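>>> quick check, what structure comes out for this input:
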Amino acid sequence: MTDHGKSPSTSGDSQSLAMARHYLGRTVDLIIDRPYGSLHPVHGFRYEANYGYIPGTRAPDGEELDAYYLGPNEPLNTAHGTCIAIVHRHGDDDDKLVITPTGTDLDNTHIAAAIAFQEIAGRYEIIRR
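Take a look at the predicted model:
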């Protein structure tokens, strides 16, 4: 994981990362399909953040583009906010957006702590504008 907050070169981006970069700094609406406190349907871990997707998108895995919503610690069905970062997974073309309520910014350390329930340190980097 990098903490410098700079975006690496866009040449050679994975398909998922190229798609995710389009949303950096933009305001988006999310459908939350795995609300805060729910259990993963296969792996059984508990979601410590609201997790969902941007409707109408299609990521390389054939599903919608996924996102963590790092806002209130309560279950939500939908969310609206700004994409402040991308969780770029190494060796997995399934990057995730980091969305916060508009006007809220979090540093990389805070983001890493908030997504640690699902993301393994050292296997991703946080990319910003």
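
>>> show me what contacts Leu30?
Neighbour list for Leu30: 50, 52-54, 67, 69, 78-81, 99 [criterion: CB atoms under 8 Å, 6 or more residues apart in numbering]. C-betas here are computed from N, CA, C, even on glycine.

>>> helices along the protein, start to end?
15-21, 108-115 (DSSP state H).

>>> output the contacting helices and strands for the shortest one.
Okay, so that is helix 15-21. strand 78-89 (3 or more CB pairs under 8 Å, 6 or more residues apart in numbering; DSSP states H and E).

>>> give the other helices and strands that the strand it packs on contacts.
helix 15-21, strand 27-34, strand 50-54, strand 65-69, strand 96-100, helix 108-115, strand 124-127.

>>> pull out the buried positions in it.
For strand 78-89, the buried set under the neighbour-count rule, 16 or more other CB atoms under 10 Å, comprises 79, 81-89.

>>> same check, this time on stretch 48-62
Neighbour-count burial for stretch 48-62 [16+ other CB under 10 Å]: 48-54, 57, 59.

>>> which outside residues touch that stretch?
14-16, 19, 23, 28-36, 63-71, 75-76, 78-79, 93-94, 97, 114-118.

>>> swap in 6 Å and give it another go.
Stretch 48-62 has contacts (CB atoms under 6 Å, 6 or more residues apart in numbering) with 15-16, 28, 30-36, 64-70, 76, 93-94, 114, 117.

>>> restricted to buried residues, select those in ChimeraX.
In ChimeraX syntax, the buried subset of these is picked out as below (16+ other CB under 10 Å):
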select :16,28,30,32,34,35,36,64,65,66,67,68,69,70,114
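
>>> circling back: make CSV out of the contacts of Leu30 and add pLDDT and distance to Arg128.
Shown next, in CSV, are the contacts of Leu30 (pLDDT from 0 to 100; distance: CB to CB, whole Å):
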residue, pLDDT, distance to Arg128
Asn50, 98, 21
Gly52, 97, 21
Tyr53, 97, 21
Ile54, 97, 18
Ala67, 98, 15
Tyr69, 98, 17
Thr78, 98, 25
Ala79, 98, 20
His80, 98, 20
Gly81, 98, 15
Ile99, 98, 13
